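> Fold the following and give me the result.
(one chain, ligands or ions: 1)
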Amino acid sequence: MKLFKKKVKIQYKVENVAKAIDRLKSEVGDSRVYNNIEERICYAFDATKQSSLPDVIVKPETTEHVAAAVKIANELEIPIYARGAGTGLTGGCVPIKGGMVIDIMKMNKIIEISPHDLTAVVEPCVITKHLQDEVGKHRLFYPPDPSSADSSTIGGNVAECAGGITGVKYGVTRNYILSLEVVLADGTIMKCGRRTLKSVTGYDLTRLFVGSEGTLGIFTKIGVRLIPMPKKILSVQAQFTNVDDALATGDDVINNNVLPRTLEMMDEISIKSVRDYGGLKIPEEVKAILIIDVDGQETAVLEELDTIEELCRKNNAVHLIRANTTEEREKVWAVRRSISPALYKIAPLKINEDICVPRSKIKVILDKVKKSLEGTSILMAAFGHIGDGNIHLNYMHHEDEKELVHKLVTEIFKEVVAVGGTISGEHGIGTTKQEFMRSELTPEELTVMRSLKNLFDPKGLLNPGKMFPVDDDE
Ligand SMILES: Cc1cc2nc3c(=O)[nH]c(=O)nc-3n(C[C@H](O)[C@H](O)[C@H](O)COP(=O)(O)OP(=O)(O)OC[C@H]3O[C@@H](n4cnc5c(N)ncnc54)[C@H](O)[C@@H]3O)c2cc1C
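All right, here's what the predicted structure looks like:
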């Protein structure tokens, strides 16, 4: 295939930073530009343990501020890193090549909610939960629900195509983005998409930007699709003595024409880590848990929950805890929500992979993971969204086990790809998985992606050093 395949080197001249700071102060405003060491340290991180100091931080309040900052960076050829709340798990907003961080957190307004059109328009740094709560006041629902919804931003969710617990029924961020206002690499402001629920006029540029990890443009307005709020949500926590029974139940639920709102599983190590955590009590014989939510009209969800409980019993569930009220649901979900912090009781370091496989292959992969760990010292907690095949594999380890974990992850990624799965269902690639891109993507796919990147960002200034394999990027 012959496509534009130029590899871009960043011409990053340190002396240009001082020029950029002067121009930023005059064109974006003195009070919105920071290059003191305290601020630079604060913007060196995301939720991974990577860090790298930026040279300058800009805190825009309008699209025009973003456009001006990007234009300056483009003219002076300085790397540009867009940043939302910094909750990313793959190093997405870490300024690994220095340069300029554009912290968009001040652009956090909900511009409009239109119940009649089932749409909302927001600035990029509206916190996900805030949007969910505000549209909820109109009895509307914005379904994408990453576990970080209390802190992550819609812009960050769009850039990573965030998923979450409701994916099995409602899909992921991609399914709810209708339109975008984007600042392109040279500072041009472009709009794409419509406020209609359908549009097939030309290429779907909006979708191309979703999941682009800050490498194609910076979103300054986002049009989202809403749906009516389900009237009732009920939950059940089903406890099993083994993972196989839990997985069989998940399959049975879907095979019995029930599409639950969530279908979450926790394995033995995940349970071990939360047992007794913050007063949670889970009986010793429990080695797998399912948390299943159903939502919709009251009579329908009651019927669905009865069916689910019957199927849990058929598959040897030892305890069933039904939650009818919000408080009861909180309790049922507390074990799941506690896993991430509780895991650190096991070991100080965590590699959290977010593989996704066809549902029929979940057991195959979990068995392979188990086998690969035999004879090693690594404890791995598997939990996640078995409804859509997206499992979080958490390799808990110590400093001297890093190499071993890397080897185990590399092996498991090969197996995942071999069964038709993906190395990332929702966290993105960033820096943490770029070395594995070639194990999943064909050379043709990678060539087209590289060509698109070069078309949108010929100087390679937007989030440089991310997503593409390092040797392809340099
Ligand atoms: C405890 C915890 C739980 C999590 N649970 C989930 C989960 O269930 N599902 C899930 O999918 N993820 C989850 N995440 C990961 C993370 O929250 C998501 O990736 C989220 O979408 C990141 O949003 P952010 O605002 O923090 O973005 P950041 O971390 O600031 O940035 C992430 C990426 O988006 C780019 N970006 C940010 N804003 C813009 C913009 N306006 N325009 C263009 N690019 C932009 C950045 O350059 C970067 O590449 C979790 C993280 C934590 C810490």
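
> Any idea how far stretch 318-331 is from the middle of the chain?
27 Å (CA atoms, centre = their mean, to the nearest Å).

> actually stretch 98-118, not the one I wrote
Worked out by CA atoms, centre = their mean, stretch 98-118 lies 17 Å from the chain centre.

> can you pull the buried residues of that stretch?
Across stretch 98-118, burial judged by 16 or more other CB atoms under 10 Å covers 98, 99, 100, 101, 102, 103, 104, 105, 107, 108, 113, 118. Where C-beta positions appear, they are placed from N, C-alpha and C, glycine not excepted.

> gap between residue 40 and residue 56?
8 Å (CB to CB, to the nearest Å).

> Between the two, which is the more surrounded one?
A side-by-side neighbour count of residue 40 and residue 56, using other CB atoms under 10 Å, places residue 56 first with 25 against 18.

> In this structure the more buried one contacts residue 33, no?
Yes: under the criterion of CB atoms under 8 Å, residue 56 makes contact with residue 33 at 6.6 Å.

> so what's in contact with those two at the same time?
Contact criterion CB atoms under 8 Å, 6 or more residues apart in numbering; residues shared by residue 56 and residue 33: 21, 24.

> overlap in contacts of residue 40 and residue 56?
residue 34.

> Around the ligand, which positions in the stretch 151-300 of the chain sit nearby?
Within the stretch 151-300 of the chain, the positions lying close to the ligand (CB under 6 Å from any ligand atom) are 152-153, 155-157, 159-160, 162-164, 213-214, 218-219.

> now, the most widely separated pair of those?
Taking CB to CB as the measure, these span a maximum distance of 23.3 Å, between 164 and 218.

> Provide a list of residues in contact with residue 230.
Residue 230 touches 141, 261, 295, 296, counting by CB under 8 Å, 6+ apart.

> right, I mislabeled it, should have said residue 398
Residue 398 sits next to 347, 348, 349 when contact means CB under 8 Å, 6+ apart.

> Just the ones of these in strands?
Among those, the members found in strands (DSSP state E) are residue 349.

> Restricted to buried residues, select the contacts of residue 398 in PyMOL.
Only the buried entries of the contacts of residue 398 go into this PyMOL selection, using 16+ other CB under 10 Å:
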select buried, resi 347
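
> I'd like the contacts of residue 398 as a markdown table, with pLDDT appended.
Shown next, in a markdown table, are these (pLDDT from 0 to 100):
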| residue | pLDDT |
| --- | --- |
| 347 | 92 |
| 348 | 93 |
| 349 | 93 |
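
> quick check, nearest of the contacts of residue 398 to the ligand?
residue 349 (15.5 Å; CB to the nearest ligand atom).

> I figured the closest one hits residue 394, correct?
No: Residue 349 is beyond contact range of residue 394, at 10.4 Å (criterion: CB under 8 Å).

> So residue 266 versus residue 351, what's the distance?
For residue 266, the distance to residue 351 - CB to CB - is 18 Å.

> which residues sit in contact with the residue of the stretch 251-400 of the chain found nearest the ligand?
Minimum separation of the stretch 251-400 of the chain from the ligand (CB to the nearest ligand atom) falls at residue 340, amounting to 5.2 Å. By CB under 8 Å, 6+ apart, residue 340 lies in contact with residue 147.

> quick one on the thing from earlier: list only those of the residues of the stretch 151-300 of the chain next to the ligand flagged as buried.
For these, buried by 16+ other CB under 10 Å: 152-153, 155-157, 159-160, 162-164, 213-214, 218-219.

> so who does whichever residue of the stretch 351-474 of the chain sits closest to the ligand touch?
Closest to the ligand within the stretch 351-474 of the chain is residue 426: 3.3 Å, counting by CB to the nearest ligand atom. Residues in contact with residue 426, defined by CB under 8 Å, 6+ apart, are 146, 160, 161, 162, 163, 164, 167, 172, 354, 356, 390.
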